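# after the sequence you'll find the predicted model.
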Protein chains: 2
Amino acid sequence: MNIHDIAKIAGVSKSTVSRYLNGGSISQRTRDKIDKVVKETGYAPNQFAQSLKAKRTQMIGVIVPRLNSFASNETLLGIETYLRQQHHQTIIVNTDLDVTLEINALYSLAKNKVDGILLFATQITDEHLKAFDTIATPVILVGQSYRGLHSIVQNDYEAGLAIGEYFGKTSLSRIAYLGVGEYDKAVGIHRKNGVLEGLKHFNKVADDYETTFKLSDAKERAKQLLSAYDAVICATDNIALGVLKAAYDLDIKVPEQLSISGFGGYETTSIVTPMITTVAFPYQRTGKCAAASMLALLEGKDIPYLQRMDFQIIEKESVDIY
Amino acid sequence: MNIHDIAKIAGVSKSTVSRYLNGGSISQRTRDKIDKVVKETGYAPNQFAQSLKAKRTQMIGVIVPRLNSFASNETLLGIETYLRQQHHQTIIVNTDLDVTLEINALYSLAKNKVDGILLFATQITDEHLKAFDTIATPVILVGQSYRGLHSIVQNDYEAGLAIGEYFGKTSLSRIAYLGVGEYDKAVGIHRKNGVLEGLKHFNKVADDYETTFKLSDAKERAKQLLSAYDAVICATDNIALGVLKAAYDLDIKVPEQLSISGFGGYETTSIVTPMITTVAFPYQRTGKCAAASMLALLEGKDIPYLQRMDFQIIEKESVDIY
DNA sequence: CTGTTAGCGCCTTCAG
DNA sequence: CTGAAGGCGCTAACAG
């Protein structure tokens, strides 16, 4: 069942049907005729034939480093929801934190002629830049920023600052910061700098330790140093949960003997008892914003190169996000 | 840069290049020539032009009811990983638990000419059956089974049985089962029946209550009935977490005064303290199995109509999944 | 407002 | 083994 068949049945020409499909000017009578035939046959135009001409596929590619992280999934939810409403398809590619796969995904999505690519970046290498250059597909970075590329990021520095000041105001003085490597600019640098600066406003300092994004790594790292502190500020909620488990294993009471905080606003931090203070990032809205920015870009509109989302401190015991 | 350009540069005809691309018989010399040009230009054939003829798109559609559930995400991870390895793209459509959107998604993916559809079903209505019939695209059900349709499910009944017997063996006697509606056959019926049967083997019974999949609903429901029981078997881990929070609010000690169990093997249940006994379903493997079954189906291979995954009981405090 | 006519980029007979 | 020619389903001028 193709445009030709419909045209024949309706007694008009292919191009008239095409116009019908694409909102060209058509008399009410022929419109009704075609309408009827389309309804009866359940005809739907072949997307590939359409794409072949139109060069627009209504597909947006999304490259995510992992598919089992709260942040990714929530952001993805925001993206998919918005795109679906705007009649676009979401193609996802998971890279399992493998940079090579990430580069491949860029080329492969471009070859699939997606209209645009949303890249949940961790770091931007020369290979990335080369890929952006080679493929003619517009790319928007999510979660990291890079000069000259469209980026949507969490307000890591300000969020860090807020948490830093939050702890600054308390009477706690032996403070550790448990962060991640600086290869991740957003989390490893901006977030940390914010925290340290915030503490500084209250004439406090934190000892600076490093771990990975994995809960188990954080837990092991924490075990070595927990006894020396009465507060641990963690770079992510996941790390904070690792610290919490470590405290539990070492029989250190939270929050009586140790205060813990994270970043992210993961569901879990509100479930664990005691609750952990955290900064909630608006991941779903971030996703929506990214998707909307992409569609705007594709329509030739100007969008700012850097967009920062807002955030919110969730103090322990003060809210239940359900 | 299209097949014509390549042909011109290589000094051969379009059809020769086409054969080169599709493994037709070609002399070594011309193959080398074309090879060189393709490498130099970075030419990649237009997928849409290909699909227009070939009718195979190397794309698999996945319809999920939610994008913020551990089970969905893990299964999705399994699917995406496998498909990527097999050089297929994953298109996801989230339906937000809306049946109408689910039906739409079926038609829309078919129109997008995906090679196959993996449907995370909750219920199968007449509209579903009609859609399956109308679209010529193969569909595999994930998580629910339906007579005459290819399905991959968790072994809900046996898992329920195992948990039932697990509690049967204990000295606990005042037992509640907190489940979901029977519209969900897998969880609402099979899982429950298993539990009740397992308890029966030890001459025990459970009072049967109903809630939704939402943690907050479960929490509220639990508050009303917790005081009367010393064990609550929950249909999902999410529900179990709701019950745990309710117990916390009511100052009921877990596990001293109340035992709680769930189904799913969510990360969270191993983080909360005390840990909750749960049945771990192999979601990632389920996803991989679903994807592999689909590709097998598309190659014309025979696959069983019903495939059941295995499961594993995780007793509280006995493991740390990290 | 409508029909005719070229392609879009690729694949696939069919000759040579 | 290779080239020419037609067509996949649709869109976009260009005439009427």
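In hand now; what should we look at?
# against chain B, how distant is A:Tyr305?
28 Å (CB to the nearest CB, to the nearest Å). C-beta coordinates here come from the backbone N, C-alpha and C atoms, glycine included.
# wait, what's in contact with that residue?
Counting by CB atoms under 8 Å, 6 or more residues apart in numbering or on different chains, A:Tyr305 touches A:148-151.
# if we go to 7 Å?
With contacts defined as CB atoms under 7 Å, 6 or more residues apart in numbering or on different chains, A:Tyr305 is in contact with A:150-151.
# measure how buried the single nearest residue of the stretch 1-150 of chain A relative to DNA strand C is and give me the count.
In the stretch 1-150 of chain A, the residue that lies nearest DNA strand C is A:Ser25 (2.7 Å; CB to the nearest atom of the strand). A count of nearby residues for A:Ser25, using other CB atoms under 10 Å in any protein chain shown, gives 6.
# confirm that it sits in a helix.
No. Read with DSSP: H, G, I helix; E, B strand; the rest coil, A:Ser25 is coil and lies in no helix.
# nearest residue to it other than its sequence neighbours?
Closest residue to A:Ser25 in three dimensions, ignoring its sequence neighbours and counting by CB to CB, 6 or more residues apart in numbering or on different chains: A:Arg19, at 7.2 Å.
# wait, that neighbour touches A:Ile26, no?
Yes. Using CB atoms under 7 Å, A:Arg19 is in contact with A:Ile26, at 5.6 Å.
# and chain A, what are its domain boundaries?
A:1-44, A:57-152+A:282-310, A:155-279 (the TED database).
# could you tell me the least trusted of those?
Note on the domains of chain A: domain A:1-44 shows the lowest mean pLDDT, a mean of 86.
# chain center to that domain: distance?
A distance of 41 Å separates the centroid of the chain from that of domain A:1-44, by CA atoms, centre = their mean, to the nearest Å.
# okay, the domains of chain A in JSON lines with distance to B:Leu118 next?
Conversion of the domains of chain A to JSON lines gives the following (distance: least, CB to CB, whole Å):
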{"stretch": "domain A:1-44", "distance to B:Leu118": "21"}
{"stretch": "domain A:57-152+A:282-310", "distance to B:Leu118": "14"}
{"stretch": "domain A:155-279", "distance to B:Leu118": "26"}
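# show me where the stretch 1-150 of chain A has its helices.
With DSSP state H, counting those that start in this stretch as the criterion, the stretch 1-150 of chain A has helices at A:3-10, A:14-22, A:28-41, A:47-54, A:70-85, A:99-111, A:126-134.
# in stretch A:7-20, what counts as buried?
By neighbour count with 16 or more other CB atoms under 10 Å in any protein chain shown, stretch A:7-20 contains the buried residues A:7, A:9-10, A:12, A:16-17, A:19-20.
# and the strands in the stretch 51-200 of chain A?
In chain order, the stretch 51-200 of chain A shows strands spanning A:59-64, A:89-94, A:116-120, A:139-142, A:150-153, A:175-179, with DSSP state E, counting those that start in this stretch as the criterion.
# adding distance to chain B and mean neighbour count, write those strands out as JSON lines.
Shown next, in JSON lines, are the strands of the stretch 51-200 of chain A (distance: least, CB to the nearest CB, whole Å; neighbours: other CB atoms under 10 Å in any protein chain shown):
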{"stretch": "strand A:59-64", "distance to chain B": "8", "mean neighbour count": "26"}
{"stretch": "strand A:89-94", "distance to chain B": "5", "mean neighbour count": "24"}
{"stretch": "strand A:116-120", "distance to chain B": "13", "mean neighbour count": "26"}
{"stretch": "strand A:139-142", "distance to chain B": "16", "mean neighbour count": "24"}
{"stretch": "strand A:150-153", "distance to chain B": "19", "mean neighbour count": "24"}
{"stretch": "strand A:175-179", "distance to chain B": "16", "mean neighbour count": "24"}
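# which bits of chain A sit near DNA strand C?
By CB under 7 Å from any atom of the strand, the residues of chain A that approach DNA strand C are A:11-16, A:19, A:24-27, A:29-31, A:49, A:52-53.
# quick one: contacts for A:Met59?
Here A:Met59 is in contact with A:88-89, A:91, A:114-115 (criterion: CB under 7 Å, 6+ apart).
# bridged to it, which residues?
A:Gln89 (DSSP bridges).
# against DNA strand D, how distant is it?
Distance check for A:Met59 against DNA strand D: by CB to the nearest atom of the strand, to the nearest Å, it reads 15 Å.
# ok, A:Asp237 next?
A:Asp237 is 47 Å from DNA strand D, by CB to the nearest atom of the strand.
# A:Leu106 now?
Taking CB to the nearest atom of the strand, one finds A:Leu106 at 27 Å from DNA strand D.
# what number of residues lie near that residue?
25.
# thought A:Asp208 was touching A:Leu178?
No. The pair A:Asp208 / A:Leu178 is not scored as a contact, 8.6 Å apart, by CB under 7 Å.
# need the winner for burial among the helices of the stretch 1-150 of chain A.
helix A:70-85 (a mean of 23; mean count of other CB atoms under 10 Å in any protein chain shown).
# report whether it contacts chain B.
Yes. Shown here: helix A:70-85 in contact with chain B (CB under 7 Å from any CB of the partner chain) through A:73-74, A:76-77, A:80-81, A:84.
# can you pull out the strands in the stretch 201-322 of chain A?
A:206-210, A:231-234, A:259-264, A:277-280, A:306-308, A:312-314.
# A:Asp133 is nearest to which of those?
strand A:306-308 (20.0 Å; CB to CB).
# for chain B, what are the nearby residues on chain A?
Checking chain A against chain B by CB under 7 Å from any CB, the hits are A:42, A:44, A:47-49, A:51-52, A:67-68, A:73-74, A:76-77, A:80-81, A:84, A:89-94, A:111-113, A:134, A:215-216, A:241, A:245, A:248, A:268, A:271-273, A:322.
# and which of the residues of helix A:70-85 next to chain B is nearest A:Ala292?
Nearest to A:Ala292 among those, with distances taken as CB to CB, is A:Thr81, at 11.1 Å.
# can you give me the distance of the closest residue to A:Ala131 other than its chain neighbours to B:Ile189?
Spatial nearest neighbour of A:Ala131, chain neighbours left out: A:Leu106 (4.3 Å); criterion: CB to CB, 6+ apart. Between A:Leu106 and B:Ile189 the distance is 46 Å, computed by CB to CB, to the nearest Å.
# how about A:Ser293?
Counting by CB to CB - A:Ser293 and B:Ile189 are separated by 45 Å.
# with A:Lys204 instead?
In terms of CB to CB, A:Lys204 sits 58 Å off from B:Ile189.
# again with A:Ile103
With CB to CB as the criterion, A:Ile103 and B:Ile189 are 47 Å apart.
# same check on A:Glu165?
Taking CB to CB, one finds A:Glu165 at 53 Å from B:Ile189.
# just A:Lys214 next, same as before
From A:Lys214 over to B:Ile189 the distance is 38 Å, taken as CB to CB.
# the more surrounded of those two?
B:Ile189 (18 against 14).
# residue contacts, the more buried one?
Per CB under 7 Å, 6+ apart, neighbours of B:Ile189: B:Glu182.
# can you tell me the centre-most residue of chain A?
A:Thr75 (4.1 Å; CA atoms, centre = their mean).
# is it true that that one touches A:Lys288?
No. Counting by CB under 7 Å, A:Thr75 does not reach A:Lys288; the two are 9.1 Å apart.
# DNA strand C versus A:Ala218, what's the distance?
On the measure of CB to the nearest atom of the strand, A:Ala218 and DNA strand C end up 48 Å apart.
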